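Q: Make a model of this:
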Amino acid sequence: MLILLRFAPMVAAFSDALAFGSTRGIWSNFSFIFSDPAFWNSLWITLIFSIIINPLQIALALGLAVLLTKHIPMVGLWRTLILLPVAVPQVVSAIIWLVLFRPDGPLNGITRALGLPSIPWLTEPGWALWSIIVVCSWVGVGYWMTFLVAGIREIPNSLYEASSIDGAGAWRQFWHITVPGLRRPLLFVLVADTVSNFLIFAPVRILTRGGPEGSTDLIMYNITERAYTLGDTGAASAATLVLIVVVIAVVAVQFRLMPGKD
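A: Reported below is the predicted structural model:
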């Protein structure tokens, strides 16, 4: 059953992408999307989005993981609050942020109270993509943090005690003990976060629908629009296969660049 569920959609996607049985010739779907400026725009926006959000989420998750494994007051409460968005469905999270981002919403209420102008969170191309990044990070950071917290707890405490005796401060312990000790969890988080962010759909669909001016037209939203709004399953399948190739290439580069891999 698992093989059927995995391979049947894959075979169907290849069939649709290669235009078997359609009015278009073989490979014409690829020619069509490669000549479509909207597809190239969505691919470019997705790459920019990934370049920004991946290191941002991992850095925040790592910082919080280090902080929440220290003896700080109410650490259980802080951990619960950070993990709370993970338990909320992504669609619900997007709706919550849609209210926050409204021109007359709470966020602009705060900016006006501070004497600052209102921010066009979802209506200005310069702000819209950052708004999507904020929403996705609100959900993702706590999730990735859990893996890094587990990894930090696996590092022997004797290493920190010995380094303290040798006069190492917190910063040196972080770079010479914590980061090397988290190599495997960090690699997993890096790869999983990359794949996850290439597949973002719900926040874009609810908050911006790819706008304004295509500034948030991430690749998964573009593919879904082609398949279900335009009814062009062939082009959507071709775009999906291109996305798979891009994700595999990016992940392969990440594995290649990670130091000290086994």
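
Q: host element of the most centrally placed residue in the chain?
A: Closest to where the C-alpha atoms of the chain average out (Cα atoms, centre = their mean) is N197, at 2.6 Å. Using DSSP states H and E, N197 sits in helix 183-198.

Q: Contacts for that helix next, please.
A: Helix 183-198 is touched from outside by 46, 49-50, 53-54, 57-58, 61-62, 136, 140, 144, 147-148, 150-151, 179, 219-220, 243, 246-247, 250-251, 254-255, 258-261, with contacts defined as Cβ atoms under 8 Å, 6 or more residues apart in numbering. Placement of C-beta: from N, CA and C, glycine included.

Q: got it, and stretch 138-153?
A: Contacts for stretch 138-153 (Cβ under 8 Å, 6+ apart): 57-58, 60-62, 64-66, 68-69, 82-86, 88, 90, 93, 97, 178, 181-182, 184-186, 188-189, 192-193, 196-197.

Q: Pull up the per-residue confidence for L43.
A: Note on L43: pLDDT of 94.

Q: quick thing: my sequence starts at 436, can you match it?
A: That works, and once the first residue is 436, the last one we named lands at L478.

Q: tally of neighbours for it?
A: Using other Cβ atoms under 10 Å, the number of residues around L478 comes to 19.

Q: hmm, which of the contacts of stretch 573-588 are the buried ones?
A: Neighbour counting with 16 or more other Cβ atoms under 10 Å marks 492-493, 495-497, 499-501, 503-504, 517, 520-521, 525, 528, 532, 613, 616-617, 620-621, 624, 628, 631-632 as buried within the contacts of stretch 573-588.

Q: from the contacts of helix 618-633, which ones fall inside helices?
A: Judged by DSSP state H, the subset of those located in helices is 481, 484-485, 488-489, 492-493, 496-497, 571, 575, 579, 582-583, 585-586, 614, 654-655, 678, 681-682, 685-686, 689-690.

Q: Give me the buried entries from those residues.
A: The buried subset of the ones in helices among the contacts of helix 618-633 - by 16+ other Cβ under 10 Å - is 481, 484-485, 488-489, 492-493, 496-497, 571, 575, 579, 582-583, 586, 654-655, 678, 681-682, 685-686.

Q: which element follows whichever strand or helix holds G511 toward the C-terminus?
A: Element membership for G511 (DSSP H and E) is helix 510-522. Next in sequence after helix 510-522, counting helices and strands by DSSP H and E, comes helix 525-535.

Q: pLDDT (mean, whole number) over the following helix or strand past that next one?
A: As assigned by DSSP H and E, the chain's next helix or strand after helix 525-535 is helix 541-548. The average pLDDT for helix 541-548 rounds to 92.

Q: so how far is helix 541-548 off the chain centroid?
A: 27 Å (Cα atoms, centre = their mean, to the nearest Å).

Q: Are there helices or strands packed against it, and which ones?
A: helix 525-535 (3 or more Cβ pairs under 8 Å, 6 or more residues apart in numbering; DSSP states H and E).

Q: For the helix it packs on, list every residue counted as buried.
A: Those would be Q525, S528, A529, I530, W532, L533, L535, for helix 525-535 by 16+ other Cβ under 10 Å.

Q: got it, and stretch 662-679?
A: Under 16+ other Cβ under 10 Å, the buried positions of stretch 662-679 are 662, 667-678.

Q: next one: stretch 587-594
A: I587, L594.

Q: got it, and stretch 631-639?
A: S631, N632, F633, I635, F636, A637, P638, V639.

Q: Give me the mean pLDDT for that stretch.
A: In the prediction, stretch 631-639 has an average pLDDT of 93.

Q: Show the end-to-end separation of it, please.
A: 14 Å (Cα to Cα, to the nearest Å).

Q: Can you give the distance of that stretch from its chain's centre?
A: 7 Å.

Q: rewinding a little: may I see the buried residues of stretch 662-679 arranged in TSV, with secondary structure, pLDDT and distance to P472 as well?
A: As requested, the buried residues of stretch 662-679 are arranged in TSV below (DSSP: H, G, I helix; E, B strand; the rest coil; pLDDT from 0 to 100; distance: Cβ to Cβ, whole Å):
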residue	secondary structure	pLDDT	distance to P472
A662	helix	89	19
D667	coil	86	16
T668	helix	84	21
G669	helix	84	18
A670	helix	86	14
A671	helix	88	17
S672	helix	86	20
A673	helix	88	16
A674	helix	91	13
T675	helix	89	19
L676	helix	89	20
V677	helix	91	15
L678	helix	92	17
